[in-house]
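# task: produce atomic coordinates for the following.
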Amino acid sequence: MSSNSTEMSIDRSEDSSTDLEAVYKIVEIFHSVQGEGAHAGIPHVFIRFGKCNLQCEWCDTDFETFEEMTAATILAEVMKYPSKRIIFTGGEPMLNDLWPLHRLFKSRGYNLSCESNGTIEIPADLLDWICISPKDQMYPQVKIRQRVGDELKCVYLGQKLELYEELMSGFTHHFLQPCYMDQESVEWNGKNFALTETVVKENPPWRLSLQTHKWMGVD
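Residues are numbered from 1 along each chain as shown. The predicted structure is shown next:
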């Protein structure tokens, strides 16, 4: 995505060469508006990592197709955009050591968020905003290890909300999001949307989260 000369142009004397040379598996880097959850409507730069430790059937990411990129190349790509807000997503971003990216971006004034499935504990002070989207409705044998954060966002597939009673206390915002399946009919998705809306109305303090970026036809 960027040449070596571009990598050198964003280098600063205080940057560690070890940090700049760290390598990550990247599916894509793009600038868009957050379509879901508490930050819906706010522009971010999305860094989508390859690989995941789960295989959810509704996932819309081909996380097995990626490019290996240095942190310096990632930095140069992100700096093309005006937004100073970054979301680490995937795949599962927490399969990676994100400290090199943390140091490079925080020294330049970026706000760092992630969306994670919660199966890997997140180091303290690594991120400014933590969104956990647990998949234990699909993988009941998988332990949720990240039990505190800012936003709990659960994809609704008809599971009992008692599943999250303990987990909710560690998060400020609680979102229920209807599962949208590209391969299903408009009617199927419409019924699932309506069911999720009904469940939210009957179960405060849950809030409804919708993937508005899909309605807009953007990433």
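# this protein: strands as residue ranges?
23-33, 43-49, 67-70, 85-89, 111-116, 129-132, 149-156, 171-178, 207-208 (DSSP state E).
# ok, residues contacting the fourth one?
Under the contact criterion CB atoms under 8 Å, 6 or more residues apart in numbering, strand 85-89 has outside partners 34, 42-49, 78, 98, 101, 105, 110-115, 127. Where C-beta positions appear, they are placed from N, C-alpha and C, glycine not excepted.
# columns mean pLDDT, distance to Cys59 and mean neighbour count on top of the strands of the chain, output as a markdown table?
What follows is those, written out as a markdown table (pLDDT from 0 to 100; distance: least, CB to CB, whole Å; neighbours: other CB atoms under 10 Å):
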| stretch | mean pLDDT | distance to Cys59 | mean neighbour count |
| --- | --- | --- | --- |
| strand 23-33 | 97 | 12 | 18 |
| strand 43-49 | 97 | 11 | 21 |
| strand 67-70 | 98 | 19 | 16 |
| strand 85-89 | 98 | 11 | 22 |
| strand 111-116 | 98 | 12 | 22 |
| strand 129-132 | 98 | 16 | 22 |
| strand 149-156 | 96 | 10 | 22 |
| strand 171-178 | 96 | 13 | 19 |
| strand 207-208 | 96 | 21 | 14 |
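# closest one to Ser16 among those?
Taking CB to CB as the measure, those were each checked against Ser16, and strand 67-70 came out nearest at 12.6 Å.
# what is the closest one packed up against?
Here strand 67-70 touches strand 23-33, going by 3 or more CB pairs under 8 Å, 6 or more residues apart in numbering; DSSP states H and E.
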